[in-house]
Each structure stands twice: as C-alpha cells, then as structure tokens.
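> okay, sequence plus prediction incoming.
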Amino acid sequence: MEWIKIKINTSKTGLDFVSQIFEGCGVVSLEIEDCEEFLQVLEQTRLSWNYIEDELYNQKSKACSVAAYLANNNSGKETLKLIEKKISAAKSDPQNKKYGSLELFISSINEEDWAENWKKYFKPVPVGENILICPVWEEVPEEYKHRVIFKIDPGMCFGTGTHETTRLCAEALERYVKCGDLVLDLGCGSGILFIIALLFGAREAVGVDIDEYCAHIAKNNASANGIAQKNYKVYTGDLLSDAKLLDEISGYKYNIILINIVPDIIIPLLPVVKDLLADGGVCVLSGIIEKYLPEVECAAGNAGYKIAGITSENGWQCAVIKK
C-alpha cells in the first residue's frame, strides 16, 4: 500500500506549533527531528564517535522538522488538504516568522520499504505496571513475560502504541477494565486499545475510525494476539455526522468508552456518547494537550459528567470521567 509522507521544516521553537497543527487535523503519530538535540547528542558522545558522515551531519544539523504519514486514500488526501491549508495560513502571518520556513514537503512511500527500514528501531516497550507492547518480529524479554503481552504490527500511519496519549489510555485500562466488560474505542486506529482491553478480559469491543483501512490493520493485530473476530467489530465513519453508524453501535451499553483523538473532536462527542455509557462505566479521554484540558473539563461538566481522575505524561493529559 502507498502512503503519503508530509514533512514540515521549522525552527526549534516551531516544533510545538507545527505539532499542534498536525494534532488539530487528527494526526497524533508524529516523527520529530530536533537539530539541537542531534548536536547535543554528538557533543555528549563525541569521545565514542570515530566519525560521522558529512552528509548525515549536514542534513540533521540544519533544520528541525515534524513529519507524519497518511494513508494514500480519500481520507488521507482530505487530511493532507487541511494540513496544507493551515500551513499556508500560518506562513502568511508575519508573527510566525520565528517558526522558520514552514516549508512543506510531500512524498510517496511504499509500506514494505518503510517497514523494513524502521523495524530495527522498534523494540519491546513496557507500559504501566502490567503491559508490554511488543512488535511481532521481536521476542518477549524474559523479565517481561509475566505481563499482558500486546503484539503489534502497526503498518504505517497508525503508530506503535508507545505515544503518550496511547500509553495513558492503556494505563487507564489497567485500572478500570473488568472481565466481561463491553468496550467502545472511538478513533481506534489499528485497534491497539480495544485489543489490550480484550487481553485484560473484556468480553467484546467495538472500534470506530474515519479511516477505512483501520479494520484491516485491527484484524491483523487482533489475530497476532489470539483474539477471535467474533469478539470485536470495527466500523468506518464519523459518529458526529453519520446517524446510521450511531444506530449501529447504539444497541449496547458500554462499560468503557475510549476517545483518544483531539479536543476539537472529543468535546462534541461527549453528549453523543453519554447515552451509550453503562451505569458505573467510565469514559477515558486522551489526546489532550495540557492547555486544552480546562476546556475538556468544562465541556464534560456541561454534558453531565464528573471527573474521576486525570493523569499526564510529557504535557499530554488523560481524563477519566463518569456520568
């Protein structure tokens, strides 16, 4: 399958600015290159380096950048248009000169070529107290074999499950999921979270995402973890605009609803999913940058929820709410 790589050159101070543009378009799996960090690493380890190729040094030391990968389909192309529009608007504002050139580069990349290049860098990662995220091509280290093992082959733009937003949700599942629970995962991507819930003993799970490729990736990941297809369903669509989709998933009351997206989507979803939440159930909200947390808290209160807990990691917030 073909993918679209979007790379935006920026300055050190522009990394957060550009990242927020991506995140505002629903893209949270980002590849960030920080030229200052690269130079600091070289300085700190200079005694252990015999040499470094001039080409690599020149490439990495000149500019910071933020990149993301989008599926080369209608959904990915619409997201690309939105990002291009926002970057164009940002470049036209003189106040944004401090963020560097904001030059945007677009390229196509083949999944097979990309996968082989990055696999060597993706190793098993412990999450929380009881989870290990492990790529399918790696052996589980002996010291982690007592954990719940989630095996993953993430494909391209769906991430590895190690981003802070996903980690915070997984840690919430450790605390709240119970055997026999029914789980709804909105913005499910490759199914990472609902599969972890099933591994912890949830009875069934429903995933929803706007990208039609998610069902394929989720099925592969579920199979890699020994999850039977009868235990989950994945739907494609926008719950905010698709009444038929809402009807499809409304026949159940969910013990846990996961919404790991962005605040602009989370907030309008809160009143929509309230009727889907079982008595005593929880909504886990993630993908929230710290400065937007008060808006999410306010919206949750207005929709009739109370905050049950908030956790954070590296500026990302995760709120657990109840009716």
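Looks like it came in fine. Numbering: from 1, shown residues only.
> what is the strand or helix carrying residue 216 packed up against?
Taking DSSP states H and E as the definition, one finds residue 216 inside helix 214-224. On a contact count with 3 or more Cβ pairs under 8 Å, 6 or more residues apart in numbering; DSSP states H and E, helix 214-224 meets strand 148-152, helix 192-199, strand 204-209, strand 232-236. Where C-beta positions appear, they are placed from N, C-alpha and C, glycine not excepted.
> please export the C-alpha coordinates of that helix as CSV.
C-alpha atoms of helix 214-224 as CSV (Å, rounded to 0.1, in the frame of the first residue of the first chain):
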residue,chain,number,x,y,z
CYS,A,214,-8.3,0.5,10.2
ALA,A,215,-10.4,-2.6,10.1
HIS,A,216,-7.7,-4.4,8.1
ILE,A,217,-4.9,-3.4,10.4
ALA,A,218,-7.0,-4.1,13.5
LYS,A,219,-7.9,-7.6,12.2
ASN,A,220,-4.2,-8.3,11.7
ASN,A,221,-3.3,-7.1,15.2
ALA,A,222,-6.2,-9.0,16.8
SER,A,223,-5.1,-12.2,15.0
ALA,A,224,-1.5,-11.6,16.2
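> which residues are contacting that helix?
Contacts with helix 214-224, where a contact means Cβ atoms under 8 Å, 6 or more residues apart in numbering, come from 136, 151-155, 158, 188-192, 194-195, 198, 207, 228-229, 231-232, 234, 236.
> checking the closest residue to residue 237 other than its chain neighbours next. Helix, strand or coil?
Nearest non-adjacent residue to residue 237, counting by Cβ to Cβ, 6 or more residues apart in numbering: residue 245, 4.1 Å away. Three-state assignment for residue 245 (DSSP: H, G, I helix; E, B strand; the rest coil): helix.
> ok, now residue 139?
Of the three states, residue 139 takes coil under three-state DSSP.
> related to what we said a few turns ago, quick one, what contacts the residue nearest to residue 237?
Residues near residue 245 by Cβ under 8 Å, 6+ apart: 208, 235, 237, 238, 239.
> so it versus residue 268, what's the distance?
Separation of residue 245 from residue 268 (Cβ to Cβ, to the nearest Å): 15 Å.
> cool, residue 2 as well?
Relative to residue 268, and taking Cβ to Cβ, residue 2 is found at 32 Å.
> contacts only, for the nearest residue to residue 185 once chain neighbours are set aside.
Nearest in space to residue 185, with sequence neighbours left out and distances taken as Cβ to Cβ, 6+ apart, is residue 194 at 4.0 Å. Counting by Cβ under 8 Å, 6+ apart, residue 194 touches 183, 185, 188, 202, 205, 206, 207, 218, 232, 258.
> cool, and residue 15?
32, 34, 64, 66.
> tell me how far the residue nearest to residue 237 lies from residue 182.
Per Cβ to Cβ, residue 245 is found 17 Å from residue 182.
> the helix or strand hosting residue 78 packs against which elements?
Per DSSP H and E: residue 78 is located in helix 74-91. Under the contact criterion of 3+ Cβ pairs under 8 Å, 6+ apart, helix 74-91 touches strand 2-10, helix 15-24, strand 64-71, strand 104-110.
> tell me the phi and psi of the closest residue to residue 281 other than its chain neighbours?
Closest residue to residue 281 apart from its sequence neighbours, by Cβ to Cβ, 6+ apart: residue 255 at 4.6 Å. Main-chain torsions, residue 255, degrees, to the nearest 10: phi -80, psi -30.
> the inter-axis angle of the lengthiest strand in the chain versus helix 15-24?
Secondary structure assigned by DSSP state E gives strand 277-289 as the longest strand of the chain. Orientation check (axes from the mean of the first three to the mean of the last three Cα atoms, to 10 degrees): strand 277-289 against helix 15-24 gives 150 degrees.
> list the helices and strands strand 277-289 packs on?
helix 15-24, helix 164-176, strand 254-260, helix 263-274, helix 293-302, strand 316-322.
> for the stretch 101-250 of the chain, give me the ranges with low pLDDT.
By pLDDT under 70, the weakly predicted segments of the stretch 101-250 of the chain are 111-121, 154-161.
> from residue 283, how far out is residue 150?
Residue 150 is 22 Å from residue 283, by Cβ to Cβ.
> which one's more surrounded, these two?
Per other Cβ atoms under 10 Å, whichever of residue 150 and residue 283 has more neighbours is residue 283, with 28 against 23.
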